[in-house]
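**Student:** Compute the structure for the input listed below.
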Amino acid sequence: MTKCGQPDPTRAASAAETAAVGGETAAAGDSVILAVETSCDETSVAIVKNGRQILANLVSSQIDTHRKFGGVVPEIASRKHVESITMLMEEAVRSAGLSLQDITAVAVTQGPGLVGSLLVGVVAAKSLALALDVPLIGTHHIAGHIYANRLVEEMVYPAMALVVSGGHTELVLLEREGVFRVIGRTRDDAVGEAYDKVARALQFPYPGGPHIDRLAQEADEAIELPRAWLEPDSYDFSFSGLKSAVLAAINQAKMRGEAPMRAALARGFQESVIDVLTTKALRAAGEYGARQLLLCGGVAANAGLRAALAERCAEAGLPLLVPPLSLCTDNAAMIAAAAELKWRRAEWTPLDMKADPLLSLEAWSVKDEAAAAKR
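**Tutor:** Model prediction:
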């Protein structure tokens, strides 16, 4: 290793020249990235070639462990990551039909996320990168969600990304590849967080989002609930008031001695959320001249949201990219896809990198476009 943990560039080039990937010989400049994702309660390891071809993508979920607590317990999540990370790394290499010498770089979610969970993945990835003498690429979790779309379809720029997950609700402008500008974000609850809180109030188990989505699809009527549009020109979001309106409706029903109308409340809640998300996303795409709208994050698995956004985009003549369900929730293949942006530009991460639960997406943007063109 060279100073500050930077790998010997001849070692990385040699690996790319000689790696046999899935029965094929990788050409010089090809990337074979092993990625690790441990930002919350899924442990995942993936191997992806050239940022597009998934050779392995293994995910170990902790949902059953955390369900009894009604949400993720950070200390338990960290311990579960420790138990499974090494086994998943070994199995990913084996299922991809590779040897460790075929790996050209190791990527890992640096942030944002639960700091204890992040640390497990960061330490594992650093150790493997050091042992193999290959580059380490610290990767932004939300960049991963956005570039999950590139695993299934070509992305064109400028693009607008609607990021919806348990911890994030953002509108992100991509003026060119790997360059992020956040133009709107939630001011309180993220949309996934609001779904879980409403589901808990309606007495659904964790995670509650899928239960709300299913019930909303089945409901014959909806209870009208408020939409938080904020200032006329704002692309920010707010869901705490909507959540409070659902809780108020439940409490009012109980005070009258009635059972809450769960299906009507679920549909009213989901319609309010979808109305605000789709309207602001389409308006932002139009204002900034986006050629594509990208739906990203765990809540992108919501059937109601996918259908409504597809309908609105079709009416506007705007192409919509949505990952398959397996790539919406946290997984390491998306981290490898985002890390490949840094690989092509030789933007490695030093081995003294720290897990950063507040990592900035805009600051993580790629720096050197000329270097990418040469590779």
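**Student:** contacts and neighbour counts: CA atoms only from here.
**Tutor:** OK.
**Student:** which residues sit in contact with the closest residue to Ser61 other than its chain neighbours?
**Tutor:** Counting by CA to CA, 6 or more residues apart in numbering, Ser61 lies nearest to Glu42, which is 4.8 Å off, once chain neighbours are set aside. Counting by CA atoms under 8 Å, 6 or more residues apart in numbering, Glu42 touches 59-62, 81, 330-331.
**Student:** before we move on, which element is Leu294 in?
**Tutor:** Following DSSP states H and E, one finds Leu294 within strand 292-296.
**Student:** Now do the same for Ile146: helix, strand or coil?
**Tutor:** Applying DSSP: H, G, I helix; E, B strand; the rest coil to Ile146 yields a three-state assignment of helix.
**Student:** for Asn57, same thing?
**Tutor:** Assigned by three-state DSSP, the conformation of Asn57 is strand.
**Student:** Any idea what the nearest residue to it once chain neighbours are set aside is bridged to?
**Tutor:** Leaving out its chain neighbours, the residue that sits closest to Asn57 by CA to CA, 6+ apart is Ala46, at 4.1 Å. Taking DSSP bridges as the rule, Ala46 bridges to Ala35, Asn57.
**Student:** Could you report the separation of Ala46 from Ala56?
**Tutor:** Distance, Ala46 to Ala56, using CA to CA, to the nearest Å: 5 Å.
**Student:** okay, now Gly317: neighbour count?
**Tutor:** Using other CA atoms under 10 Å, Gly317 is surrounded by 11 other residues.
**Student:** next one: the one 3 residues further on
**Tutor:** As a burial measure, Leu320 scores 19 neighbours (other CA under 10 Å).
**Student:** okay but it is in contact with Cys296, surely?
**Tutor:** No: between Leu320 and Cys296 there is no contact under CA atoms under 8 Å: 11.0 Å.
**Student:** quick one: contacts for Gln110?
**Tutor:** Contacts of Gln110 (CA under 8 Å, 6+ apart): 118, 122, 138-141, 354-357, 359.
**Student:** Kindly write the PyMOL command that selects the buried subset of those residues.
**Tutor:** In PyMOL, this line selects whichever of the contacts of Gln110 come out buried by 16 or more other CA atoms under 10 Å:
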select buried, resi 118+122+138+139+140+141+355+356+357+359
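**Student:** Could you give the number of residues near Ala310?
**Tutor:** Ala310 has 19 nearby residues by other CA under 10 Å.
**Student:** does it count as helix, strand or coil?
**Tutor:** Looking at Ala310 with three-state DSSP, the answer is helix.
**Student:** Where does the prediction get shaky in the stretch 51-200 of the chain?
**Tutor:** Nowhere does the stretch 51-200 of the chain drop to pLDDT under 70.
**Student:** Kindly recompute the last result at 80.
**Tutor:** 166 (pLDDT under 80).
**Student:** What separation is there between Gly286 and Lys280?
**Tutor:** Counting by CA to CA, the gap from Gly286 to Lys280 is 10 Å.
**Student:** Correction: the previous question concerned Met87.
**Tutor:** Distance from Met87 to Lys280, by CA to CA: 43 Å.
**Student:** okay, these two: which has more neighbours?
**Tutor:** Just comparing Met87 and Lys280: by other CA under 10 Å the higher neighbour count belongs to Lys280, 21 against 11.
**Student:** helix/strand/coil for the nearest residue in space to that one that is not next to it in sequence?
**Tutor:** Distances taken as CA to CA, 6+ apart place Tyr235 nearest to Lys280, at 6.2 Å, with adjacent residues excluded. With three-state DSSP as the basis, Tyr235 sits in coil.
**Student:** Next: Leu225.
**Tutor:** Put simply, Leu225 is coil when judged by three-state DSSP.
**Student:** contacting residues for Ile335?
**Tutor:** Listed by CA under 8 Å, 6+ apart, the contact set of Ile335 reads 35-37, 107-109, 139-141, 143-145, 148.
**Student:** Out of these, which is nearest to Val73?
**Tutor:** Glu37 (17.4 Å; CA to CA).
**Student:** Tell me, how many residues neighbour the residue nearest to Asn57?
**Tutor:** Residues lying near Ala46 (other CA under 10 Å) number 28.
**Student:** go on, the one 10 residues further on?
**Tutor:** Residues lying near Ala56 (other CA under 10 Å) number 20.
**Student:** my guess is it contacts Ser44, does it?
**Tutor:** No: using CA under 8 Å, Ala56 is not in contact with Ser44; the gap is 10.2 Å.
**Student:** Using PDB, list the CA coordinates for stretch 34-48.
**Tutor:** Extracted C-alpha coordinates of stretch 34-48, given in PDB (Å, rounded to 0.1, in the frame of the first residue of the first chain):
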ATOM      1  CA  LEU A  34     -17.300  -6.000  -4.000                       C
ATOM      2  CA  ALA A  35     -19.600  -3.800  -2.000                       C
ATOM      3  CA  VAL A  36     -20.800  -3.800   1.600                       C
ATOM      4  CA  GLU A  37     -24.000  -2.200   2.900                       C
ATOM      5  CA  THR A  38     -24.800  -2.100   6.600                       C
ATOM      6  CA  SER A  39     -26.400   1.400   7.100                       C
ATOM      7  CA  CYS A  40     -29.400   0.200   9.000                       C
ATOM      8  CA  ASP A  41     -30.900  -3.300   9.600                       C
ATOM      9  CA  GLU A  42     -30.000  -5.200   6.400                       C
ATOM     10  CA  THR A  43     -26.600  -6.700   6.000                       C
ATOM     11  CA  SER A  44     -25.700  -7.000   2.300                       C
ATOM     12  CA  VAL A  45     -22.700  -7.900   0.200                       C
ATOM     13  CA  ALA A  46     -22.700  -7.700  -3.600                       C
ATOM     14  CA  ILE A  47     -20.300  -8.100  -6.500                       C
ATOM     15  CA  VAL A  48     -21.000  -6.000  -9.600                       C
END
